[in-house]
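> What would the 3D arrangement of this be:
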Amino acid sequence: MFYWFHYTIVMTENQPKKVNKKKTRGYALVIYPESLPKDYIERINNLHMQCLLIPLHDKDMDGEKPKKPHYHLMILFDGPQTEKRAKEVFQEVTGAEVPHVEQLNSIPGMARYLCHLDNPEKYQYPKAEVQEFGGARYLELIEKVADNMEILSRIFDIIEEEDIFSYRKLIQNLKNQPDLFRIATQSNTLAISTYLRARQWDRENDYKNSLKPKEHCPECFSFDIEQSETKEGEPTKYVCKSCGSVWESEKN
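Coordinates of the predicted model:
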């Protein structure tokens, strides 16, 4: 029994640690203020990669007890990377070994969660206080598809209400509405340009049609007429609703 027990312990101690080989683009790390070096902002800048430093979480609660104040640092690789690589990057910021990082299944989802945007029961950390590095854009990350569609629909309404045909005129109209301006200039320019071109085509087509002679009553010249059902090859028949006249037009 003694040797069996000893053998088991030796085997357990020598088993290799499991390495998470899963790759993803986004990782997050919880950092406590007292563990950050004084030059941590410079260190983040020196990474030369997209990063987001979420405002100090000093109002989080664990039941009725406040949680220890902490930061969340998100890093976004250009392509999928391993957890090991993410730890190496975070270590460049903290200056110490990083035992655990969080792999992000959804970068926008985590970005929204870290300011509690979808958790109204929790404290809402200001979006404007999120620090961006390396070209990361927090507001673009947190936009929902549904939000975009609602804003885009509003832009189309403005185009119709203001009778806009020019993209330039539209941008001038939206420049004092940041949310609409961002959607119109960054993420939906093709859809908006296509819509404007379609409006222009419709206007030109309507104008051309207005120049064509319209069918009217030969007796009272009224345009208040209706077309009777006819078989293919037979002349088109019309009835005047004003005077009751009936006549035939050219063949179909």
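
> rest of the way, CA atoms for contacts and neighbours
Noted.

> Does residue 170 lie in a helix or a strand, and which?
With elements taken from DSSP states H and E, the one containing residue 170 is helix 167-174.

> any residues touching that helix, and which ones?
By CA atoms under 8 Å, 6 or more residues apart in numbering, the residues outside helix 167-174 that reach it are 159, 164, 180, 181, 184, 185, 193, 196.

> Pull out the buried positions in it.
167, 170, 171, 173, 174 (16 or more other CA atoms under 10 Å).

> Likewise for stretch 22-37?
Buried residues in stretch 22-37, defined by neighbour count with 16+ other CA under 10 Å: 23, 24, 25, 26, 27, 28, 29, 31.

> what does that stretch contact?
The contact list for stretch 22-37 (CA under 8 Å, 6+ apart) reads 69-83, 86, 90, 93-95, 100-107.

> Can you turn the buried part of those residues into a PyMOL selection?
Restricted to buried positions by 16+ other CA under 10 Å, the PyMOL selection for the contacts of stretch 22-37 reads:
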select buried, resi 70+71+72+73+74+75+76+81+82+83+86+90+93+94+101+103+104+107
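
> Inside strands: which ones of the contacts of stretch 22-37?
70-82, 102-103 (DSSP state E).

> how far away is residue 201 from residue 114?
For residue 201, the distance to residue 114 equals 46 Å [CA to CA, to the nearest Å].

> oh, I was asking about residue 76
Distance, residue 76 to residue 114, using CA to CA: 15 Å.

> try residue 163
41 Å.

> can you check residue 45 too?
Distance of residue 45 to residue 114, given as CA to CA: 21 Å.

> Looking at those two, which one has more neighbours?
residue 114 (22 against 15; other CA atoms under 10 Å).

> residue contacts, the residue nearest to that one when sequence neighbours are not counted?
Leaving out its chain neighbours, the residue that sits closest to residue 114 by CA to CA, 6 or more residues apart in numbering is residue 54, at 6.9 Å. Residue 54 sits next to 71, 72, 73, 114, 115, 129, 130, 131 when contact means CA under 8 Å, 6+ apart.

> May I see these arranged in a markdown table, with pLDDT and distance to residue 249 as well?
Formatted as a markdown table, the contacts of residue 54 follow (pLDDT from 0 to 100; distance: CA to CA, whole Å):
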| residue | pLDDT | distance to residue 249 |
| --- | --- | --- |
| 71 | 96 | 80 |
| 72 | 96 | 77 |
| 73 | 97 | 76 |
| 114 | 90 | 71 |
| 115 | 93 | 70 |
| 129 | 94 | 72 |
| 130 | 95 | 71 |
| 131 | 96 | 73 |
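
> what about the helices in the stretch 101-250 of the chain?
107-113, 138-142, 145-161, 167-174, 178-182, 189-211 (DSSP state H, counting those that start in this stretch).

> what does the first one rub up against?
Taking contacts as CA under 8 Å, 6+ apart, the residues outside helix 107-113 that touch it are 26, 104, 118, 119, 138, 141, 142, 143.

> Next, count neighbours for the third one.
A count of neighbours around residue 118, defined by other CA under 10 Å, yields 12.

> Report the separation between it and residue 89.
29 Å.
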